[in-house]
Every structure is written in structure tokens, then in C-alpha cells.
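Peer 1: Please work out how this folds:
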Amino acid sequence: MSLDYVQSATSPKNVLCSICLPVFNEEESLQIFSGNLCACLDRLEGIMGVSFEIIAVDDGSVDSSLDIPLNISRRDQRLNVYALQQNSGRQAATLCG
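Peer 2: The predicted model follows:
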């Protein structure tokens, strides 16, 4: 997982942390993860004064892994979802994010 910080000169609240989440056939794990994602981001933003986004890149999954982040992204704009047409490996998915 790649973690990049970009700091704005205006105020700590404008700091943006992007978390790249490569996904390949992770349906079971994502179902567990999805229930707490928004609450975790809210808490982190409150504690750290940092706004977060998650970039989920589906690496050609053949299960319903892509559907889970898509459903979350409809409720929470901090999650951006991208999909690769075919499996290209974790590194390629991370670089696309």
C-alpha cells in the first residue's frame, strides 16, 4: 500500500493524505473492511486534522471485489475507485492509483 502526504501552505485541515488500496479478489476482506471505513476516516480526520482519500484500484478481480468499493463510493466521496481491465499485478495497480 502506498501512502503519500501533500501539505498545503494554508492550514493543517487542508493537508491531504491519499491511501492507495490495490484490490484483487478481496471480496471477503473488503466486506469486513467496508463496514468501518467511513467511521475510521472521520476519526482520523478529527484526531489528526488531516483529510483523507482512498484510491481503490481493482486489478481485474473475477469476484465481486469491485462492487464493494463502488457501493461505498456512492455514500462517501473520499473513496475513488478505478478498475484495470485485466490482472496486471499489485505493483501496477498501486502505480495506477
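Peer 1: Give the residue spans of the protein that score low on pLDDT.
Peer 2: Within the chain, the stretches with pLDDT under 70 are 1-15, 97.
Peer 1: Spell out which residues sit in contact with the residue nearest the centre of the chain, please.
Peer 2: Centroid-nearest residue in the chain, with CA atoms, centre = their mean: residue 54, separated by 2.6 Å. Each residue near residue 54 by CB atoms under 8 Å, 6 or more residues apart in numbering is listed here: 18, 19, 20, 21, 37, 41, 78, 79, 80. Where you see a C-beta, it was placed from the backbone N, CA and C, and this is true even at glycine.
Peer 1: so the fourth one, which of the three states?
Peer 2: Going by DSSP: H, G, I helix; E, B strand; the rest coil, the secondary structure assigned to residue 21 is strand.
Peer 1: partner residues bridging residue 51?
Peer 2: Counting by DSSP bridges, residue 51 is bridged to residue 16.
Peer 1: Count the neighbours of it for me.
Peer 2: Number of residues near residue 51 (other CB atoms under 10 Å) recorded here: 17.
Peer 1: With residue 74 instead?
Peer 2: Neighbour count for residue 74, taken as other CB under 10 Å: 10.
Peer 1: Kindly report the same for residue 75.
Peer 2: As a burial measure, residue 75 scores 11 neighbours (other CB under 10 Å).
Peer 1: My guess is it contacts residue 39. True?
Peer 2: No. Contact between residue 75 and residue 39 fails when scored by CB atoms under 8 Å: they sit 11.9 Å apart.
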